[in-house]
Every structure is written in structure tokens, then in C-alpha cells.
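**Student:** need a 3D model of the following:
(chains A and B)
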Amino acid sequence: MKKTLTFFILLLTAQLWSQYRPNNGVTASKANVILIKNANLYLGGSTNVLNAASILIKGDKIIEVGTKIKEPNGALIIDMEGRTIMPSFIELNSNIGVEKQSFEKKNNFAPQIESLKQNSFYWNQAVHPELNAGEKYKKDLKALRALNNFGVGYCLTRHNDGIIQGTAALVTAHGADLSKDMILDKAASFYSFSKGSSRQSYPSSQMGSIALLRQSFYDLKFYTESDPGFTDLSMEAWQDQNELPRFFITKDKLEILRAMKIAKEFNTEFIYVGSGNEYESLDALKGKDIKVILPINFPEAYDVSDPYISRLIPLSKLKHWELAPFNFKKLFENGISVSITTEGLKSSKQLWSNIRTILATGVSKFDVLDALTVRPAGLIGKSDEIGSLKIGMHASFSVYDLDPFEDKSAKINEVWLQGVQQPLNAFNSITLAGSYDINIDGFRRKVILNGNGEKPTCNSFELDASFKSIDSSKCKCDFQMSGNDISIKLVNRENTSAYLLRGKISKNGSIIEGAATAPDGSWKSWSALKVLGKKVKKDTPIKDTSYVGSCWFPNMAFGLDSSLTSSKYVFKNATVWTNEVQGILKETDVLVEDGKIVQVGNVDNTLTIDAEIIDASGMHLTSGIIDEHSHIAISKGVNEGGQAISAEVSIGHVVNSEDINIYRQLSGGVTSAQLLHGSANPIGGQSALVKLKWGASPEEMLIENAPGFIKFALGENVKQSNWGDFNTVRFPQTRMGVEQVFYDGFHRARQYKNEWLEYNKNRKGKKGISPRMDLELETLVEILDSKRFITCHSYVQSEINMLMHVADSMGFRVNTFTHILEGYKVADKMKNHGVGGSTFSDWWAYKYEVNDAIPYNAALMSEQGVTVAINSDDAEMGRRLNQEAAKAIKYGGLSQEEAWKLVTLNPAKLLHLDDRMGSIKVGKDADLVLWTHNPLSIMSKVQKTMIEGRVYYDAERNDVLATRNRLERARIIQKMALDNTARKPMRIYKHDKERFFHCDSHGEQGEIKTNLH
Amino acid sequence: MRYFIFSALFLIANSSFTQKVLYTDVTVHVGNGTVIENAIVGCDADRFVLIKNALTSSFKAKNWDTIVSLQGQHMYPSFVATNTTLGLTEIDAVRATRDFDDVGEFNPHVRTQIAFNTESRVVETVRTNGVLLTQATPRGGRVSGASSIMRLFAWNWEDATVLKDDGIHINWPKSTQGGGWWAEPKPKKRNKNYASEILKLMRFFELAKAYDSNEVPFDQRLEAMKDCFVGTKRVYIHANELQQIHDVIDFVNAFKFPFPVIIGGYDAHLIGKKLKDANIPIMLDRIHGLPQIEDEATDLPYRIPALLKEQGIKFCLQGSGDMEAMNSRNLPFLAGTAMAYGLEEEAAVRSISLDPCEIIGIAADYGSIEKGKKASFFVSVGNALDMMTNDVTLICLDGVLRSTSNFQLELYKRYRDKYERQ
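**Tutor:** So this is what the prediction gives:
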């Protein structure tokens, strides 16, 4: 209520101010009432067109719309017979007139740890809610007029930079009165996952951005609800934005899913600016009552003329090219509120051509129009003023010569903004296209003009006495049009003389008349007549390319045609590696139902009537491989290396369900993995424990009720030993410092925990001031309380010993040492502490601290009673973990059963998942792998990989999918090749080398390869 | 004449007295694609003198100084790790230990032979898996330098050398470029300079071909190139992409090198016939790798050896790439994977023994267990291509029995003893 009142007052004041703006000279006369008549009206928010209708405008508002409006006395009457009028579009994704803030650049590569802002702003430079676009806005008329050409009348513009970007302003270009340009200051606030121009080292990854955004929300709550004892200008500004709509910029549909989790956590709502591939995650998006703004700059076809290059284009990109135009339809049909942004479009021609493409997918033009007008107006609470042609609303609309929804050649004539007609630079009502016979006082030329499009072209030919073209060689020729005025320059063939013509074009473009100067300077009159030639009929048969492929899960090579369902299966006559006391059972059946193992042994035939029978004779059945240390399937950064402690970040927030390596690992029998943060800092980030459910959403991949894990790291990586000479700034730089980072963190955590205990004790139902929620310390407290477990990257015995001492003295246990290449030297101490080891089979020699690594490590630690796993840390080796386990037989002589547990039961134990995974036992998850041979033999291949009773990899289906991939690729390449010949714009394929994350990969992109693990 | 029981054999390891030794009760994987079960193998000094099937031939004990029953184990010829920096680097992350990449674009005169570290601890751990010879290969630049074939047991680089400067290595221009570096990655795209980079390379070779050491002042670079044209040095061209391989074939035809070799050859299986007609062998990229294109079959790298074999292309396996020096010990398992994915077992053995020796030009002495060749072999309890059964019990290089231990095994024993004493 209060809000509406403020708006009302604001509007009134604006009106008063405009009257008090001083005039230079006498007041210009304005027609106060204007009637536009005989137009075809799209009203917005309606499902029909009003033909031969009128709009009555008074001042800046519409006072009447309809087909039966009487011409008022004294009104200016404008006849717009045959023209089409629709409300001005509202662009919500814009940074027009707002420049990015900039800071002095430092001239070295040393990391910038602190913010460069020299005032009491929030500590991170990517968080700046205080930036108000309305204040910084500078009218950019040229850019605004360019948008007017698109039909856009209103722009929500913002400071497009950073994670919390500040407030946006709704602006327009009134043209006559500057005070009418700013429709609404502080109309919305904007957010993103990109740190933007900030060079501050934190955050360096998307999970870091997520953590920073969450921490900021908590800080806002704390700042608002308590007395912090200091002033933070960022928080001051931000707490005033609570009532504003919040927009979130995303670059991929998975980012929408990530932002939705944040919205849920803080009980708020975001309006998502999408990226155009949302249809690929439709199942996760629908039914969630979300609002999305979609770009419609569909990808152009690739240039496929070079087969050596086109073979490198991933099928995912080909399929997206074909399916992108369906994005609007798919989302709209599924009840998602869809608006459209014109961002990324190069011309109004492209805008309308893409809109017509959307219409061709079966969407109504009224729905598309609403997505450009009524809906965006509603998103910023302005639907009572803009977005439709109704009584009392802004008289803001665009006028087209024809209906652009229906007619390709339709062009925008003019726009009206708040009752003021705006001349458009590109205004041109006459089309000049065709061959003209020019007569300049007897001198004859043939000229072919083409005034369509952005760049008019012109060719001229000299004629002989019989008025035939002398030959086919062109002469230089130029022309320009403005309204119905034209100027033409005709040069002769030898390029030695020119006629300069000026003339008027008749209404239908068939006659041009005017005056010209001849080469000798004399004035001549001239005229041109359009030659009504026969149009050459194109007789090339057009191949029907209307067939469109379906969206796969995920929408890329080897994606599944539909999501999998759980069935009842029985494996018959397999050699079953139980990992239990029964050991390896020959000719045994395993029954699977509802995703669980329900029977091991000879399964009675009566139980399997409704089951799918898998003949496993001669084959080996094992539980699925669990990779304790993996970095696949992670979006935009595996390390948050900006700070020594980054316990607040979580890989769980950035799982990428569309990494081809998920499928590749499945083909190697891997069913689960711990996706770990990297080793760039002593206390890294939280892990994601996932099952490799190919085709599922990131959320579905996360293992339900999995215990929390976190990555710690020691040694060369956290000391930044191999990061180059500039990285000598961040503490710690020695193993000595590493110990102190841990103590500091845990002492702070203890204190933090006590503050909360104290608060909760005293509160007893009363409303008190709570301590600040600190996500980093929350996580460390979980470790102290043994609710979160540590997997620590480690190499040499001294540091291994050190961390166990830190843990002992702080009262918790280290869960797992990973890499742990000198574990064999302190295996007895590890056993006493109760920590497990997850190691490489035989890697070494890649850096100084692995000098004493030996391949007997796994066997020796096992013999001392340590729970040992073998992991990959490598997308390639991850699919050969069975081979890596077999090396423990060669190096150290483990039995086959023990060796096999290194990659199955033991990692399950280390991850506290052995109650449901890691062995073939009744009641456990049906995560099973069928192998052609003994799984430890190099001859062994995976036949089937099953997770929770669903077959995610099947060797035979794999062949079918490979053939399907090939045919789909061929079909789309053919379609593109034909599209190429249509002379549409093309893009050259740029090959993105696949990047892989390892422990010490930095930044959001990972690296091509590294020797440092 | 002494009969040795097998377990006592290590006593004579590293001894170099000349004697005639006969090995019996052994399955011999000859290296040329054949296998002899229940074989007898005789060595005299540093050469094989007898390889026969025990069922069809007999021997007189008095003709031999020592007779060793290998109790049904498997004998393999020395495996050969080609195209690797093994012995040229010790710790990848420590610059001071990296001796394989020097400054300059055209470095044919730079030689690995004299930088080879015979006491490398990495080398120790490689030879105990049956890899006894290596091609120490330089990196970097357009022309990296000359490789040499080295023994993995030696006192110094002189007695390590099997073949000095066996060939020069060319890094063929990439037909795609970009990718940035890890902190500032950029998309890859078609290399606009591809044609001019090839032209520059061609000019260098034309200059080298025209060079006459008698006519002009001495030119170290061009001097080092002479042997490429007469065949006393091989020309190794590193290339993986389809476009590159086509152009390499043209390059080879233009200069008519007697011994051209393609190293890498990831896409070679796509143009098998052309390569076969051009008679260019391939030293195949490490097959324990991910498909290079997202859409390719997940197991394509594993299947490439069988695909090449099917098309009649001569090839061998090698393991260059990430951590290639230490990974050289996994060479047998590359062949094992090739075996699992379509290559016959003996063809797989051949792909890391006789095939590489023929390609690098030392097959007269090495690569197979055949009469007259150097007695260089190892014995494994089971199939040496499978990690589950690869257990090396005997190593013989040039007729001399060698240690089957290394510092890692010593460390293992030390700490195991420590725990046993506790």
C-alpha cells in the first residue's frame, strides 16, 4: 500500500517538474489531442487484431482505443491506413547508458587479495548493491534509437558487472522532454554468477561466486536485524532493495537450477535472464512457477564446407542449432512465464525473422507479442502504465507499414513514445527494388537499384543507340535515399566522368524525376521508369528439411532418447564378486528390484516371470566402481583458490550433468564418485558425492542423504610452489604455515560455535540478536562435531603426521588421506588415528614431493590395517580403475579379492556409504557391473553398468547409440550445408579443446593438461 | 656345467662373465608374432644361439655352462619405449631436472644422447617391468633435435648407446590453433598460419637438401640434416590430425626420405590406404587416452591398434604424453589394452618389441628372440601385458643378467621390515 502511494506521488511530482522546467523562447505549440485512425492494432494482452481502429491520445497518455471513435474537435488527425501498430517493447536485459566502474590497473601479476574500494563498502569488489544505474545513467540517444528500430520503447538498464550488480533503472527516450526519460529509478536489482571486472582473487570459481552470494545474503540479514557496530554502505543500500524484483543473469540452464536453490534458501524469488538452452532441462524447470526472459538470437549455422573442420563440431552444438528456436514453445507450453529479450540480435530484420521462426514452431503471435510487452511490464510492476494499448496508459507504440508477424518485407515506420512521434533514421516507406531505365535529357542508362536491407546497392550499365546494354560490365554507381528523395551518382565505364542526380520518387516507386548535373556542369532534367520485367522463377527443388530431431538426455552424443526407468532384472549364472564373506560365487543369480539387490543365489524361476533375464554365463558380476577422487562433471572451476580457507564453497552447487566423461566412466564400470574440490588451498571446499546417472539432472545425481565431505590439502600445491614467481603473497608459503592455517581456522570455529551456543541458551523463546552466520566457520564446526569428514590431499610423511596431530588436539578424526603417497611410511600411525588412504596405483616423479612414492603403497598400508582405496584424479584413468586395482596384485601381492575392494568396498567405507554400496548384498543399492572377464584382467570389458536398477551403460546399446549419433550428425550437417547455400550468415567453428580439471587446476576453465596432481 | 634352480639366479645378476646358458621349460613370445610353448632358448655370450621347441628337438647338457629351468614362465624380448623423455627428465615440476627442450625453432643439431642420465631413478622403475631400451627423444620447436636409442642399464651414455642420433624430430604445424594456456584459455580455431608454417618448414628442408658441406662455411644445423636425405637418420614427424597426416604424406613424397615415420597418428586409421601406399609407419599416440572428439566412441583410442592392423599399416605403440617418463613402465599394459580390444596377443607383443625396433632401425640386433640377435629378454611369471600377471623374475640385456630390483622395491622392503620388527 505504502509502495503504491510513493509511486503515485513520484509520478505527480514528475508532471509538476516538467511544467517548471524553464523554456528558452516562447512555449512551443503542441497539438494536445491526436487521433490516429484506420490502423490495425495489436493491443497487447489480447488475442485479436483490431482492424481499421483508432487511438486517441491526449498529452502522453492514451485516452481511447477502438473502432468507433469520433473525431474530436481540434484534434490532429493522422490517417494510418493499412499500417500496423503495436505497443512498444520492453527490454529488461540492457546496460544502455551505464558505464562499468573501473579501477586503476596494477602492472604486475601478483594476486589482488583485498578490494580496491577506499571506503566502507562490502569487502568483496564483485558485490556492489550500492551501484545505482539511475544515478550513473547518461542518455545515449544513438543506442536508444537503435533499440527503437527493434520496436523497443523502454529499457531496464543496469550496471552489468559483478555478482550483486545494484539497482536498475527503467528508461526511455522521450525526445522532447528529458524529465520523461527516467520512468523509474531503482526498478529492480540484478545478480549473476560472474565476478565481472573485479580482479580481486576471491572468488575464482562459480562455486565461489555462489558461496559469496549466499554469505552476502546472510550478512544482509545480520546487518539488518542486529547492531553490527559499523557502517557498511553496500549493506545500507542493499537493505532498501528488499521490495524490488530481483533479476538473475544466467549463461546456461544449469545456472538457473543453481540460482533456484539460492532463491529457495533465502525465501526469495529471482526472475531469470536465460541463455537459450532452457528446453534441455525442461523437466527440472517445469512446475516450479518460475519466470524466464529468453534471448532469441538463435545460433547461426556453422560453415560446414570443410569436412575436416566440421567433424570436430560436437553433436551437442549441431542439435542445439536445430532445437534452439523451439525453446520458447517448450517453456511456454509447460506453463513457464516467458518474456523475450532482444539482447544479442544484430538487426531488426533478424529480430523479426527469428520471431517468425518461433511462430513457425507453433506459437501464437499474440503470445510472442505479450512476451515482449505485457509480461515484461508485469515483471517490473508497470503493467498499468506500459506494455499495452489501453486507456490511461503511455501512448508508446511502434508503427509498421505492414504486419511484421505476417509479412517478411514489413518495416518499422516510426515510433511514438509517450505521445511524441519519433523520427527514425532508417525511416523509409518506399522500396526501390528493380531495374530502372534512366533518361537524362536523352542520355540513357540502365540502373538496377536495391534499396532493401541495411546497405542499398546499385549497378548501372551503359546503353547503346538502340538502348541495349553495351556489354555486361558494370559501371560505378551509388545512391542514397531519404524519405522519397533520392540522389544517384552515375560513373561511366572508363571511370572518367560522372552524372550527379537528385530526384523525387513517386509513391509506388515506379517513377523518379528530378534534376542532374552533367559532367560539364550543366543542369539537366532527368527521369527514370521502372522496367517491369519478368521475375526469373527459381526452379531449384527445395529439400524438405522440416524434420527436427528430439532433445536427448543430455542433448549430446550418447545422450539417451528418454529417461530410464527402473525394472526388475535377474542376472543368471554369473561369477559374482560379493565383496562379502561368501567371496566369489560361481554360477550365481542376482535379483534386482526397485533399485535394490533383493536376492543373491539361485533365484527361483517363479520370482523372475516379470523380470528381464540377463544371461551372465561366463561373465563376472561385481558391485560398481566408486572413484574416491574425481574432478569430472564440475562446472566452471574446481578450485576456489582465492583464499587459504574456502570451506564455504561446495562442488555440490556446480555439478555438471552434461560432461561426456560421465558416460565414459560408466563404460569403465564406475557408478559413483566423490567430486572433490582441488588442492589449491589448505582448506578447500565441500565435495559432491554423486552417482553417475547419465541423463539425470545435477540434483538427481547427488547421492541422497550422503554424509558431508570436505577437501583439505597439504604440501606443494597449497604452498603455491609451482605457481610461478608472482605467487609468493598468499599465506602460507611453507609447510610450517600450513599447520598454522589449520589451527587458526579451528580456533575461530570453536569460538564461533560457543557464540551460537551462548545465544541459543540465552534466547529461550525470546527474540535476541543472533551472531553473524559465517558459512566458512559453519563448515569447520561441522568438522569439529564429526558431522563432516575430511579427505586430505597429502604426499610426505611429515605433513601427514602433522595433520593427524592437529586433529587429535582439536578432538576430531581425519577421515581419508588422498594421494597419501608416503602413507606406507606412517601406516601404523594412520591405523592408530583411524584414517584411511586413497592413493594412486603407480604415479610418481611429477613433482618433488612425490620422490619417495612407491607403487607398493596400497598393499603396504592395507597390510597395516588401513582402509585403502585406489582413485583416479583423472578422467582418462577413471575408466580403467579395474586395471589400476590389478596393479596392487603386481606391486605388493594383494589377493584378487582384496585388490578388487580397493575400488569398490573400500572407497564405499571411506565415504561412509558401505551400508548401501560397495558389495553385492541383499538390501544394498543395485549398482552393478557385468564384465566379460575377471574384472581385474586387462582383457575385461564392461557389458552393462547399472545404477539403482537402471542400466546406464550397455555395450550393445552403445553401438546402437553410436550409429544413431552418426546418422543424426549427418542429417544436421546436410541441413546446415543447404542452409549455407542460402547465403545466410554462417559462423566458423572454433574448436574448444576439452578441458580437464585436476587437483590444482585454477580458474573457471580448467586446463588442457597438467603434470601436477 | 652348472644347473641352477631358478630362484638362485639372481646371484649371477649383473655378472658379465662369458658363458653359454640354456633356458628350458619356457613359453617364448618371440616378438615377431609367433609363440613357442615349451621352448628351449640358448645364449652364448651376448647372442641368442638357439631357439627351439623342446618337443621336437633335444639338447646335450654338456654343451652348456649353465642350464636354467624357467618352470613354465613366459619369456619376452626386450620391450622398447620409443618417443619418450625418459632419462632426460627426473621430476616434471622441477625445471633443473628437465633436459629435453632447448631454445630455438630449428634445432636438428641438438642431441639427446649426451644428456641421457643412466642413473635416473625413473629409469630404474621402468626396466623392472620389461622395458630395456628407449628412444630418448627431444621436445619443442619445429625441429626438436635428434633422438638416440639407449639401453636402460649402463654406466654412462656411451655404453648406453645402441644407436646414436637415430633420427630427427619434426613437430608438424598444427592445423588448428589457440586454446590459450590454463589461466587464460581461449577457443581453438583453424590455424590461419598453417600454410605459411608448412612453407617455412619446406624452405628449411630445401636449404638442407641443397647444402654441401664442401662448398659453404660449416653450418651446424644443416650438417645435422644431411643424413635424413640418405637414410642414415630417420625423419620422425609428429602429427595427429587428419589434415596434418595428408600434408605429411605430401611432404614425405616431395623429399623422398628413405625412412619417414609419423609419431602420433591419432587419425591415421581414417586414411589407412593412403598411408599404406605411402609406406609410412606410425608410432601410435598413447592409447590410454580419452577420445579427442566428444562424439567419438568411448573406446576408440583402445581400438586404433586393431584398426591399423586391419588396414595393413605398420605401427608400434608408445606412451608419450602426461608424465611420460614415469609412465614408460606401463608400456606393456598399453599393448595389453590393445590386445583386449582386437589385437591378437602376439601381435600386441610385437607392437612393443619387433615393430618399434624395425621402425627405429635396430631390428637386426633387437626386438625378437631369434638366433643371432642380442640376448635381450625378460621373464615373467604370467602374461606380461596384464598387470595382474606381469611379474618380472629375470632380466637379461645383451647377454648379461641384470637386477630385477629398484629403489622403490628397496623402500618397500625397508618399511615392511620395520613393521614386521614392531
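**Student:** longest helix anywhere in the chain?
**Tutor:** Unless you meant another one, I'm taking chain A. helix A:735-763 (DSSP state H).
**Student:** oops, wrong one, chain B.
**Tutor:** helix B:194-210.
**Student:** just the helices from the stretch 351-500 of chain A, written as ranges.
**Tutor:** Using DSSP state H, counting those that start in this stretch, the helices found in the stretch 351-500 of chain A span residues A:365-372, A:374-379.
**Student:** of those helices, which is nearest chain B?
**Tutor:** The minimum distance between chain B and the helices of the stretch 351-500 of chain A falls on helix A:365-372, with 31.7 Å, by Cβ to the nearest Cβ. Quick note: C-beta positions are derived from backbone N, CA and C, even for glycine.
**Student:** what's the mean pLDDT across that closest one?
**Tutor:** In this model, helix A:365-372 has a mean pLDDT of 97.
**Student:** what is the neighbour count of residue 160?
**Tutor:** I went with chain A, as the question did not name one. 20 (other Cβ atoms under 10 Å in any protein chain shown).
**Student:** sorry, I should have been clearer: chain B.
**Tutor:** By other Cβ under 10 Å, neighbour count at residue B:160 equals 23.
**Student:** repeat that for residue B:292.
**Tutor:** Neighbours of residue B:292 (other Cβ under 10 Å): 16.
**Student:** still on that earlier bit, need the residues that contact the longest helix of chain B.
**Tutor:** Applying Cβ atoms under 8 Å, 6 or more residues apart in numbering or on different chains, the contact partners of helix B:194-210 are B:106, B:108, B:142-143, B:170, B:172-175, B:177, B:191, B:221-222, B:225-226, B:228-229, B:243, B:247, B:251, B:254-255.
**Student:** give me the buried subset of these.
**Tutor:** Among those, the ones that count as buried by 16 or more other Cβ atoms under 10 Å in any protein chain shown are B:106, B:108, B:142-143, B:170, B:172-175, B:177, B:191, B:221-222, B:225-226, B:228-229, B:243, B:247, B:251, B:255.
**Student:** still on that earlier bit, how about the longest helix of chain B: buried residues?
**Tutor:** Here helix B:194-210 shows B:194, B:197-198, B:201, B:204-205, B:208 as buried, counting by 16+ other Cβ under 10 Å.
**Student:** show me the chain divided up by domain.
**Tutor:** Since you didn't name a chain, this refers to chain A. A:433-529, A:625-735+A:773-917 (automatic domain parsing).
**Student:** that answer is for a different chain, and I need it for chain B
**Tutor:** With domains defined by automatic domain parsing, chain B comprises B:2-78+B:374-410, B:79-360.
**Student:** pretty sure residue A:850 sits against residue A:844.
**Tutor:** Yes: taking contacts as Cβ atoms under 8 Å, residue A:850 lies within contact range of residue A:844: 4.7 Å.
**Student:** mind listing the shared neighbours of these two?
**Tutor:** Common neighbours of residue A:850 and residue A:844 (Cβ under 8 Å, 6+ apart) are residue A:821.
**Student:** tabulate the helices of the stretch 351-500 of chain A (a markdown table), appending distance to chain B and mean neighbour count.
**Tutor:** As requested, the helices of the stretch 351-500 of chain A are arranged in a markdown table below (distance: least, Cβ to the nearest Cβ, whole Å; neighbours: other Cβ atoms under 10 Å in any protein chain shown):
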| stretch | distance to chain B | mean neighbour count |
| --- | --- | --- |
| helix A:365-372 | 32 | 22 |
| helix A:374-379 | 33 | 24 |
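**Student:** and the residue lying closest to residue A:729 once chain neighbours are set aside, how many neighbours?
**Tutor:** The shortest distance from residue A:729 to any non-neighbouring residue, by Cβ to Cβ, 6 or more residues apart in numbering or on different chains, is to residue A:110 (5.5 Å). Per other Cβ under 10 Å, the neighbour tally for residue A:110 reads 14.
**Student:** could you look up the SS state of residue A:110?
**Tutor:** Classification of residue A:110 using DSSP: H, G, I helix; E, B strand; the rest coil returns coil.
**Student:** closest point of the stretch 301-450 of chain A to chain B, which residue?
**Tutor:** Closest residue of the stretch 301-450 of chain A to chain B, Cβ to the nearest Cβ: residue A:314 (4.4 Å).
**Student:** can you say which of the helices of the stretch 351-500 of chain A is nearest to residue A:551?
**Tutor:** Closest approach to residue A:551 among the helices of the stretch 351-500 of chain A is made by helix A:365-372 (20.9 Å; Cβ to Cβ).
**Student:** ok so, going back, and the longest helix of chain A, what does it pack onto?
**Tutor:** strand A:683-686, helix A:775-784, helix A:797-810 (3 or more Cβ pairs under 8 Å, 6 or more residues apart in numbering or on different chains; DSSP states H and E).
**Student:** alpha carbons of the longest one, as CSV, please.
**Tutor:** In other words, helix A:797-810. Taking C-alpha atoms only, helix A:797-810 is exported to CSV below (Å, rounded to 0.1, in the frame of the first residue of the first chain):
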residue,chain,number,x,y,z
GLN,A,797,55.1,-38.2,5.9
SER,A,798,55.9,-35.1,7.9
GLU,A,799,52.7,-33.3,6.8
ILE,A,800,50.6,-36.4,7.2
ASN,A,801,51.7,-36.7,10.7
MET,A,802,51.2,-33.0,11.4
LEU,A,803,47.5,-33.1,10.3
MET,A,804,46.8,-36.1,12.5
HIS,A,805,48.3,-34.2,15.4
VAL,A,806,46.2,-31.1,14.6
ALA,A,807,43.1,-33.3,14.5
ASP,A,808,43.9,-35.1,17.7
SER,A,809,44.5,-31.9,19.6
MET,A,810,41.2,-30.4,18.3
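**Student:** mind listing residues that contact it?
**Tutor:** Contact partners of helix A:797-810, identified using Cβ under 8 Å, 6+ apart, comprise A:712, A:714-715, A:735, A:738-739, A:742-743, A:746, A:750, A:784, A:790, A:792, A:794, A:813-814, A:817, A:820, A:822-823, A:825-826, A:829-830, A:833, A:835.
**Student:** for the shortest one, same thing?
**Tutor:** When contacts are taken as Cβ under 8 Å, 6+ apart, the neighbours of strand A:683-686 outside the stretch itself are A:207, A:639-640, A:644-652, A:676-678, A:708-713, A:741-742, A:745, A:779-780, A:788.
**Student:** how far does it sit from its chain's centre?
**Tutor:** 25 Å (Cα atoms, centre = their mean, to the nearest Å).
**Student:** past it, which element shows up next along the chain?
**Tutor:** Once the chain leaves strand A:683-686, the next helix or strand it forms, by DSSP states H and E, is strand A:688-691.
**Student:** report the buried residues of that next one.
**Tutor:** Quick answer for strand A:688-691 (16+ other Cβ under 10 Å): A:688-691.
**Student:** could you give the number of residues near residue 163?
**Tutor:** With no chain named, the answer covers chain A. 26.
**Student:** looking at chain B here, not the other one
**Tutor:** Quick note: residue B:163 (other Cβ under 10 Å) scores 19 neighbours.
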